[in-house]
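Undergrad: Just to be clear, the model below is a prediction. Sequence and coordinates:
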Amino acid sequence: MYELMNIGVSGLMAASRALTATSHNVANANTPGYSRQVADFTTRPAVRMGNVYLSTGVEVAQIRRNYDDFLTKDLREVTGQHSQAETLHTLSSQVDNLLADPDAGLSPALNDFFKAMQGVANDPSSGATRQNFLSNASSLEQRFHLQAGELDNLSNQVNTQIQNQVDEVNAFASSIANFNEAIITATGRAAGNGSPNDLLDSRDEAIRQLSEKVGVTVVKQDNGALNVFMGNGQSLVLGTESQSLVVARGESDPSRLEIATPPLSRGSSPTIISGQVSGGSLGGLLQFRQTVLEPAKNGLGRIAVGIASEMNDQHKLGMSLENKLGGDLFQVPSPDVFSNSKNLGTLQVSAAITDASALTTSDYQLSVGFNEYQVTRLSDGTVTTVNNLATSSIDVDGLTLNIGNGAAKTGDSFLIRPTQNAASHFSLLVNDPAKLAAASPLRSSVGTGNTGKGQITTTVVDTTNPAFTTTSGTLTPPLLIRFDDSPPAPGLSYSMYDNTNPANPVMLLGTDYTDPANPVQVNGGSIPYDPTVGSTVLPSTTPALDYGYQVSLSGAPKPGDSFTVGYNTGATGDNRNLLAMVSLQGKQTLASGTATFASAYGQVVAEVGVFTRRAEMNKGAEENLLTQAKNNQQQVSGVNLDEEAAMLLQYQESYQACAKVISITDTLFQSILGIGR
């Protein structure tokens, strides 16, 4: 009778515990990270009575959570990859929408700029068209500033998110370490007779949420604790201790925030580990900054530098309504040079743009080696080596790196950013319509008595040449070209004269250009002329005759014909220089002569668009993988309410049946007691 009572009680207790586990499942069906718990039943050891073994009932061996380590690991990894892809796509889309916007993009402002310039070329004497051009030039400046400002805002946003994400990583790491400690304690108290399922679930969920921030690797210890590592082995959790991360300013560029480990001792610097971080939203932020944001800023800046440089070069070859040579139309932004904060030497380095057409969209690093400098193009790793620490300058890709004073120490480095902030500093320098140099400073004319069909054209090459005397409004020297009446040999020849004093012109030395491949210096006298070839009169191979302009003869002049070149004063209707500026719209002046201003911008837009599309596709693929990983994990660990309802009924019936056993046992016992009455 006693055994029967024990069996009923054991069944009652087992059913009660199973009901508790099932009810716990139902209550936590929507709890993130919860794993379904199952009561595992086992038969209690039988008791020998004589020559038979009497059963003693049932007991719950353990409350087991449905858990698969492989599926949990897969979900954790896919979560990190999805978070990185989602972050990358979200931020890349913002850059793509900004640059490709048909209204806010650079293309409309660039087209309006050249359209207004063409308007001045059509009517160079009109103050209204000149003012309209300056207004559109100002709009172009504002458009550069708008786009650069938005990209700078994204840079600040990335910095802010890096700081926030690092704080969250530290919080999760601390939480996981606390869970480790609680699990070790609970497991020890159970002495192997159970596991703290809810604590294990909470720890797994904390690690999963951590993987949304950064890719992690988990290693289990014998005592039940989990060690968590990120990147290439940087520890975040070791047993019951968490390792904090910090945010530090970049060693080369203080405007960039980097992920780092704390200083090892007072006075030392944090160790930057951004290059080791991958996965999660942190990995997405770093990848976006390196592969989308900074190349876009560099590409936009290169266009700003190209427009400013090319426009300035041509504008300075023209003449304003004030009869003065043109100056810079735009400010050309200078490259940024950052000295690494760990440099030990005192070397000073600066940079200047010497050829805008050769600029790339890359940043550069100048490193000091043993008796050499190395300039690395960071976009592709191309290295230019100069085996001389005493050099004063290094030329690379349209840049001149000026090596200044100070001592160079091996290991020192400098970051050079030629164009990254150029769009922010692009600015219009001319605000007076009269200062717009639309005309050419040269005026050529055909002699009134000419009988031949000779023609003359002039091209300004360098207005910084002393030949241009803007203060007096003269050209030094005014040039007279006269075809001789009596050439010394059959055919045509001409002589060049300084026409400062027409009554007594002084003959100039010249160069025979009838054979351009083999110019022959002429020491005075006349110069042979071949009408089928023509002749470029100036500049000459004689340095004294380099006046900063070229004069070209063509056609078939007659003996006695003459041509003059002088300073082009009062030429309000002259548009020759502005036409040359307008022509720059279609010229391939960027990317080593392979891209126009518009196509260079189109390339930036296309690169960002292609990357954004790729990021969108990766995001979609990762979403599918994440859904599959969640479904696989939930098939094992998830709570099915229909199944739990069925189990509740089963355990309820079991509980009632065991209660019936106890009731019957009690009845029998009472019957036995009643026999003796």
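TA: Noted; the coordinates are in hand.

Undergrad: Now tell me which helix or strand of this protein has the poorest mean pLDDT.
TA: Sorted by mean pLDDT, DSSP states H and E, the helices and strands of the chain end with strand 520-522, the least confident at a mean of 49.

Undergrad: what is the mean pLDDT for the helix or strand just after that strand?
TA: Following strand 520-522 in sequence order, the next helix or strand is strand 527-529 (DSSP states H and E). For strand 527-529, mean pLDDT rounds to 82.

Undergrad: what are the ranges of the helices in the protein?
TA: Applying DSSP state H to the chain gives helices spanning 2-27, 69-100, 106-122, 127-190, 197-213, 280-288, 294-315, 422-425, 576-583, 597-637, 641-675.

Undergrad: Just give me how far the first one sits from the chain centre.
TA: Read it as helix 2-27. 63 Å (C-alpha atoms, centre = their mean, to the nearest Å).

Undergrad: Same question for stretch 182-193.
TA: Averaging C-alpha positions (C-alpha atoms, centre = their mean) puts stretch 182-193 50 Å from its chain's average.

Undergrad: repeat for stretch 322-332
TA: When distances are taken as C-alpha atoms, centre = their mean, stretch 322-332 is centred 34 Å away from the chain's centroid.

Undergrad: Enumerate the positions of it that are buried.
TA: For stretch 322-332, burial by neighbour count (16 or more other C-beta atoms under 10 Å) applies to 323, 324, 325, 326, 328, 329, 330, 331, 332. Where you see a C-beta, it was placed from the backbone N, CA and C, and this is true even at glycine.

Undergrad: Can you name the two of these that sit furthest apart?
TA: 323 and 332 (25.6 Å; C-beta to C-beta).

Undergrad: circling back: give me the subset of the buried residues of stretch 322-332 that lies in strands.
TA: Among the buried residues of stretch 322-332, the members found in strands (DSSP state E) are 330, 331.

Undergrad: Closest one of the buried residues of stretch 322-332 to residue 97?
TA: Comparing these against residue 97 with C-beta to C-beta picks out residue 330 as the nearest, at 27.3 Å.

Undergrad: so how far is residue 497 from residue 504?
TA: 10 Å (C-beta to C-beta, to the nearest Å).

Undergrad: And for residue 363?
TA: Distance of residue 363 to residue 497, given as C-beta to C-beta: 54 Å.

Undergrad: Tell me which of these two has more neighbours.
TA: Between residue 363 and residue 497, residue 363 has the larger neighbour count (other C-beta atoms under 10 Å), namely 23 against 20.

Undergrad: mind listing what that one touches?
TA: 294, 298, 378, 379, 415, 416, 417, 418, 420 (C-beta atoms under 8 Å, 6 or more residues apart in numbering).

Undergrad: Phi and psi next, for it.
TA: Per-residue torsions, residue 363: phi -90, psi 170 (degrees, to the nearest 10).

Undergrad: pretty sure residue 288 is touching residue 161, no?
TA: No. Using C-beta atoms under 8 Å, residue 288 makes no contact with residue 161, being 9.9 Å away.

Undergrad: more neighbours, those two?
TA: Taking other C-beta under 10 Å, residue 288 and residue 161 do not tie; residue 288 has more neighbours (25 against 18).

Undergrad: contacting residues for the more buried one?
TA: So residue 288 contacts 87, 88, 91, 92, 158 (C-beta under 8 Å, 6+ apart).

Undergrad: okay if I get those as a markdown table plus neighbour count and distance to residue 48?
TA: Below are the contacts of residue 288 laid out as a markdown table (neighbours: other C-beta atoms under 10 Å; distance: C-beta to C-beta, whole Å):
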| residue | neighbour count | distance to residue 48 |
| --- | --- | --- |
| 87 | 25 | 67 |
| 88 | 26 | 70 |
| 91 | 23 | 74 |
| 92 | 26 | 75 |
| 158 | 20 | 75 |
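
Undergrad: how about those in a markdown table, adding distance to residue 256 and pLDDT?
TA: Shown next, in a markdown table, are the contacts of residue 288 (distance: C-beta to C-beta, whole Å; pLDDT from 0 to 100):
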| residue | distance to residue 256 | pLDDT |
| --- | --- | --- |
| 87 | 17 | 96 |
| 88 | 18 | 96 |
| 91 | 15 | 96 |
| 92 | 18 | 96 |
| 158 | 9 | 96 |
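
Undergrad: Out of those, which comes closest to residue 652?
TA: For those, the nearest to residue 652 is residue 87 (48.7 Å; C-beta to C-beta).

Undergrad: Number of residues surrounding residue 295?
TA: For residue 295, using other C-beta under 10 Å, the count is 21.

Undergrad: That one and residue 586: what is the separation?
TA: Distance of residue 295 to residue 586, computed by C-beta to C-beta: 26 Å.

Undergrad: Same check on residue 47?
TA: Note on residue 47: its distance to residue 586, by C-beta to C-beta, is 102 Å.

Undergrad: Same question for residue 633.
TA: The separation that residue 633 has from residue 586, given C-beta to C-beta, amounts to 59 Å.

Undergrad: And for residue 187?
TA: 76 Å.

Undergrad: For those two, indicate the residue with more neighbours.
TA: Counted by other C-beta under 10 Å, residue 187 and residue 586 do not tie: residue 187 has more neighbours, with 18 against 12.

Undergrad: Look at the residue lying closest to that one once chain neighbours are set aside and report its pLDDT.
TA: Counting by C-beta to C-beta, 6 or more residues apart in numbering, the nearest residue to residue 187 once its immediate chain neighbours are dropped is residue 224, at 5.0 Å. Confidence at residue 224, expressed as pLDDT, is 89.

Undergrad: likewise residue 94?
TA: You'll see residue 94 listed with a pLDDT of 96.

Undergrad: my read: residue 318 touches residue 438, true?
TA: Yes. With contact defined as C-beta under 8 Å, residue 318 reaches residue 438; the gap is 6.3 Å.

Undergrad: list residues touching both of the two?
TA: Residues touching both residue 318 and residue 438 (C-beta under 8 Å, 6+ apart) are 577, 578.

Undergrad: Look up which residues are beta-bridged to the nearest residue to residue 334 once chain neighbours are set aside.
TA: Take residue 334 and drop its neighbours on the chain: the residue closest to it by C-beta to C-beta, 6+ apart is residue 352, 6.8 Å away. Beta-bridge partners recorded for residue 352 (DSSP bridges): residue 400.

Undergrad: Quick check, residue 352 in contact with residue 399.
TA: Yes. Using C-beta under 8 Å, residue 352 is in contact with residue 399, at 7.3 Å.

Undergrad: Looking only at neighbour counts, state which of these two leads.
TA: residue 399 (23 against 14).

Undergrad: Next up, the contacts around the more buried one.
TA: 335, 351, 352, 353, 354, 359, 364, 416, 418.

Undergrad: can you check residue 82 too?
TA: Per C-beta under 8 Å, 6+ apart, neighbours of residue 82: 619, 622, 623, 625, 626.

Undergrad: now residue 607
TA: 295, 296, 299.

Undergrad: Can you tell me the closest non-neighbouring residue to the first one?
TA: Read it as residue 295. Distances taken as C-beta to C-beta, 6+ apart place residue 361 nearest to residue 295, at 5.8 Å, with adjacent residues excluded.

Undergrad: How about residue 249?
TA: In space, and not counting its chain neighbours, residue 249 is closest to residue 257: 6.5 Å by C-beta to C-beta, 6+ apart.

Undergrad: Verify the stated contact: that neighbour with residue 248.
TA: Yes. Using C-beta under 8 Å, residue 257 is in contact with residue 248, at 7.3 Å.

Undergrad: With residue 566 as the reference, measure out to the nearest residue to residue 569 once chain neighbours are set aside.
TA: Spatial nearest neighbour of residue 569, excluding adjacent residues (C-beta to C-beta, 6+ apart): residue 323 at 4.9 Å. To residue 566, residue 323 is 12 Å away according to C-beta to C-beta.
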